[in-house]
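S.K.: Return atomic coordinates for the entry below.
(one chain, ligands or ions: 1)
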Amino acid sequence: MKIRENVNLSELTTMRLGGPTDFLIEIDTPEEISDAVEFAEEKNLPVYFLGAGANVIGLDEGFPGIIIKNNIKGFKILRENKNQLLLKVGGGEIWDDFVEFVSKKGYSGVEAMSKIPGTVGAAPVQNIGAYGQEVKDTLVSVEAFDTLIDEFIEIPASKMDFSYRHSIFNSGKDKGRYFILTCTFRLDKKNPEPPFYKSLQSYLDEHKISAYTPETIRDAVSNIRAEKLPDPKKIPSAGSFFKNIYLDASSAKLAEEKGVPIRKTEKLDASGKKYIEYKVNTGWLLENAGLKGKTFHGFKVSDKAALILINESATSSKDLELAKQEITDQVKKKFGLTLEQEPVEIKEEKPETNKVQKEDIS
Ligand code: EPU
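M.R.: Model (predicted):
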């Protein structure tokens, strides 16, 4: 366990914002998490668990507490046969190293999520997804440290309440409760099959790629991303800054009346019942509100992919707040829809309903 004092969050996050944290602890093995939590309890300081800092925003006030950075590495094959691979991956591994490893071995399930910045351990938190795949589709379970009972536990994916950019780890009563240490995935030995995500299919057609293997799809996605999305190592951003929007039938009708294209897809819910999903591309809203390529308080709405806010010159999270407000207001005025921020702010994580439950009891 490595401890550093007074580290700026701007150093730890790809958006390059944020004041200091009291302590930064890096853990290299699952066992070290209990030492880190004990250290925090002795000092009576809150803790925040961080991966690569690619989907979080540091605030000007910093984090008065302890940031624990997951540096647990390793790939462990639990089972491999001609159809499937069961693989346990250290939460501190770089996500794309994992995608490369399995795609090269000819296993399918995560290749469309090539080049997503961040770590493996952070992937289930917001159920990362791209080009038609989501983590929830291949994740089997995670090993976690449960800070409520100070014990190591295993959580099956079926208990993670996954949906678009959502899980028990980033919402509800268990928000902030678990530190994900390792993730286990099940991948299939097979080639990816169409239908593919629209822009992926266009790329494949344009480049006359018809042999669909995990590696060819990985290459295609990597090339599309390289053209459109800024490399966080060189250009500060937190990936998509706004979420896409899912509406109910009546809000979708209202949005359609304002000229917003709605993508309707038939889906099955957890109980197998059919329902219609109404999706709005927030990139379309930003572009058609005339915001693409414009700069607000030092943040540019990317002219290649409008969901991305690029930090061109800002050093304060207050400027980000102002930029967000202006962008959100303009979209609301034009289309009547409210944008939601995708990356999370680094602050003490509290369960979202415990307080209410306690009040109910008293
Ligand atoms: N669009 C525009 N203008 C734009 C961008 C998008 O009109 O500037 C419309 C187009 O109709 C386009 C559609 O939105 O066909 C979808 O755009 P794109 O495929 O570029 O993806 P996205 O919706 O902007 C989401 C994810 C990305 C992920 C891509 C590809 C979210 C918040 N973002 O973006 O994930 O790479 O799909 O699957 O869901 C991230 O989460 O950080 C991220 C980069």
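S.K.: nearest spatial neighbour of the closest residue to the ligand within the stretch 51-200 of the chain, skipping sequence neighbours?
M.R.: The ligand sits closest to Ala130 of the stretch 51-200 of the chain, with a gap of 3.7 Å, by Cβ to the nearest ligand atom. For glycine as for every other residue, the C-beta is placed from the backbone atoms N, C-alpha and C. Computed as Cβ to Cβ, 6 or more residues apart in numbering, the closest residue to Ala130 that is not its neighbour in sequence is Met113, at 5.1 Å.
S.K.: Is the one you found in contact with Gln133, as I believe?
M.R.: Yes. Taking contacts as Cβ atoms under 8 Å, Met113 lies within contact range of Gln133: 5.3 Å.
S.K.: Those two - which one has more neighbours?
M.R.: Neighbour totals were compared for Met113 and Gln133, and Met113 leads with 24 against 21 (other Cβ atoms under 10 Å).
S.K.: what domains does the record give for this structure?
M.R.: 2-70, 75-195, 234-342 (automatic domain parsing).
S.K.: what would those look like in JSON lines with mean pLDDT?
M.R.: Formatted as JSON lines, the domains of the chain follow (pLDDT from 0 to 100):
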{"stretch": "domain 2-70", "mean pLDDT": "97"}
{"stretch": "domain 75-195", "mean pLDDT": "97"}
{"stretch": "domain 234-342", "mean pLDDT": "97"}
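S.K.: Now render those as a markdown table, adding distance to Arg218.
M.R.: A markdown table is the format used below for those (distance: least, Cβ to Cβ, whole Å):
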| stretch | distance to Arg218 |
| --- | --- |
| domain 2-70 | 19 |
| domain 75-195 | 4 |
| domain 234-342 | 18 |
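S.K.: Can you give me the buried ones in stretch 286-301?
M.R.: Within stretch 286-301, the residues scored as buried using 16 or more other Cβ atoms under 10 Å are 286-289, 291-292, 294, 296-301.
S.K.: from the residues you listed, which are also near the ligand?
M.R.: Glu287, Lys292 (Cβ under 6 Å from any ligand atom).
S.K.: ok, the buried residues of stretch 286-301 vs the ligand, which is closest?
M.R.: Checking these against the ligand with Cβ to the nearest ligand atom, the nearest one is Glu287 at 4.0 Å.
S.K.: Sticking with that closest one, tell me its helix or strand.
M.R.: For Glu287, the element it lies in under DSSP states H and E is helix 282-288.
S.K.: got the contact list for that helix?
M.R.: 242-245, 259-261, 292, 301, 305-307, 327, 331, 334-335, 337, 339 (Cβ atoms under 8 Å, 6 or more residues apart in numbering).
S.K.: Out of those, which end up buried?
M.R.: Buried members of the contacts of helix 282-288, counted by 16+ other Cβ under 10 Å: 242-245, 260, 292, 301, 305-307, 327, 331, 334-335, 337, 339.
S.K.: Out of those, name the ones that lie in helices.
M.R.: Mapping these onto helices (DSSP state H) picks out Ile327, Val331, Lys334, Phe335.
S.K.: That concludes my questions; thank you for your assistance.
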